[in-house]
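Novice: Here is a sequence together with a model predicted from it:
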Amino acid sequence: MRCYSAVTFQNMRALTFGLTFVRHGETQCNKEGLLQGQAINSPLSETGLEQAEAAGRYLKGVKFSNVFVSDMLRAQQTAETIMKYNNSCSGLQMVSEPLLKEINFGVAEGGRVQDLKEMAKAAGQSFPGFTPPEGETQEQVKERVKEFMKKMYQQIGDEHWCQSGKDDTSSSAPEPPPVEGKADDGVRGTPVHALVVTHGAYMCVALRYFVEELHCSLPQGSDKAHVFSLSPNTGLCRFILTLRKEDNMFRLSGIHCLFVHRGDHFKW
C-alpha cells in the first residue's frame, strides 16, 4: 500500500488532505420540486446526466485518492460519471456509504417542497429545520454526518498515513492555499484528496456542523446565509482538513473551507 509523507501539526505528526463534496445531478423530482428523500430512488434526468458529465470534465485533471458516495441511485450515477472522466479514478474503488443518504423526510416524501414549508408554518416552526412525521431530525442527520466523517478519517489515515514525518514546533495550522478560481484550487500537488458525492439537504446539515461545531474557517467575505443554503445540482464544496494520530486513532486537528456551491462547470 502506498504511503505519503506526513506533515506535522501542533507538535504531532499529521496528515493534511483535500475533501470535495458534490451534490448529485438533477432528477425529474428535482425538476418538479418534489421531495425524494430516501423512499424515492430516482435516476438522473437527461439534464442531470449532462450536469454530471460537465462536472466530470471540469474535474478531469483533479487528482482523487478516495471516492465515497451515497448508496442512492442519483448519487451513484453522478459519481460514476465524474470518475469516468477523471484521469486519476481509473484504479479507484468507489465506496458506497449508506451514511451519506439524503435526509428521510417521512410522510412528506413524494410531495412538493412547498407542501413541507406549509407543514412547518402550520406547526409554528421554521424551514429548513422542521421534521415532518416519521422523518429524521436535524440532530439525527448530524449524527450520520459525524459517523461518516469519523469513518473517513480512519480510512484516509489507514491508507495514507506515514510515520516518516518530522516534528514541527509550530503552534498554528498551516495557511490555507490560495483560491484562484481553478478546478484544482487548494489540492494542486496534494496526493490525498477525497471525493464525496451526496445530497443537497444532507450537505446543508454537514456544512452547518463543520462551521458551528468543528469551527471550520470560511473564505474571507463569506456570507453564512449562502454557506448554509442548498447547493445546486452538482454544486461543489471543497475543504482542507488536517488529521492527527493518537493511539492508532485519527482525529481532526483543523478544517478550512476553500469554496462552497461552486458551479463553474455549468459554463462548459
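Specialist: On my side now, so go ahead. Numbering: from 1, shown residues only.
Novice: secondary structure element for the residue nearest to Ile103 when sequence neighbours are not counted?
Specialist: By the measure of C-beta to C-beta, 6 or more residues apart in numbering, the closest residue to Ile103 outside its immediate chain neighbours is Ala201, 4.5 Å from it. (Each C-beta comes from the backbone N, C-alpha and C, glycine too.) Under the criterion DSSP states H and E, the helix or strand holding Ala201 is helix 200-212.
Novice: Hey, what's the angle from the top helix by length along the chain to helix 200-212? Just curious.
Specialist: As far as residue count goes, and with DSSP state H defining each element, the longest helix of the chain is helix 138-160. Calculated by axes from the mean of the first three to the mean of the last three C-alpha atoms, to 10 degrees, helix 138-160 forms an angle of 80 degrees with helix 200-212.
Novice: Tell me the buried residues in helix 138-160?
Specialist: Of the residues in helix 138-160, those buried by neighbour count under the rule 16 or more other C-beta atoms under 10 Å are Gln138, Val141, Lys142, Arg144, Val145, Phe148, Met149, Met152, Tyr153, Ile156, Gly157, His160.
Novice: that older thread, just checking, what packs against the helix holding Ala201?
Specialist: Packed against helix 200-212 by the contact rule (3 or more C-beta pairs under 8 Å, 6 or more residues apart in numbering; DSSP states H and E) you find strand 12-23, helix 138-160, helix 224-227, strand 236-246, strand 249-262.
Novice: what ranges do the strands span in the stretch 51-200 of the chain?
Specialist: Counting by DSSP state E, counting those that start in this stretch, the stretch 51-200 of the chain forms strands over residues 66-70, 94-97, 193-198, given from the N-terminal end onward.
Novice: Partner strands of the shortest one and their direction?
Specialist: Based on DSSP bridges, the strands next to strand 94-97 in the sheet, each with its direction, are strand 66-70 (parallel).
Novice: quick check: angle from the strand it pairs with to strand 193-198?
Specialist: Angle of strand 66-70 versus strand 193-198, following the same axes, to 10 degrees, is 10 degrees.
Novice: List of residues touching strand 66-70?
Specialist: When contacts are defined by C-beta atoms under 8 Å, 6 or more residues apart in numbering, strand 66-70 is touched by residues 24, 75-76, 78-79, 83, 89, 92-98, 100-102, 148, 152, 155-156, 159, 192-199, 202.
Novice: Quick one, which of the residues you listed are buried?
Specialist: For the contacts of strand 66-70, burial is judged from neighbour counts taken by 16+ other C-beta under 10 Å, and it is met by 24, 75-76, 78-79, 83, 89, 94-95, 97, 100-102, 148, 152, 156, 192-199, 202.
Novice: for Leu236, which residues make a bridge with it?
Specialist: Beta bridges link Leu236 to Val22, Arg262, judged by DSSP bridges.
Novice: Wait, it touches Gln51, no?
Specialist: No - here Leu236 lies out of contact with Gln51, judged by C-beta atoms under 8 Å, at a distance of 11.4 Å.
Novice: What helix or strand is the closest residue to Leu73 other than its chain neighbours located in?
Specialist: The spatially closest residue to Leu73, leaving aside those adjacent along the chain, is Asn41, at 4.9 Å (C-beta to C-beta, 6+ apart). Of the helices and strands defined by DSSP H and E, none includes Asn41.
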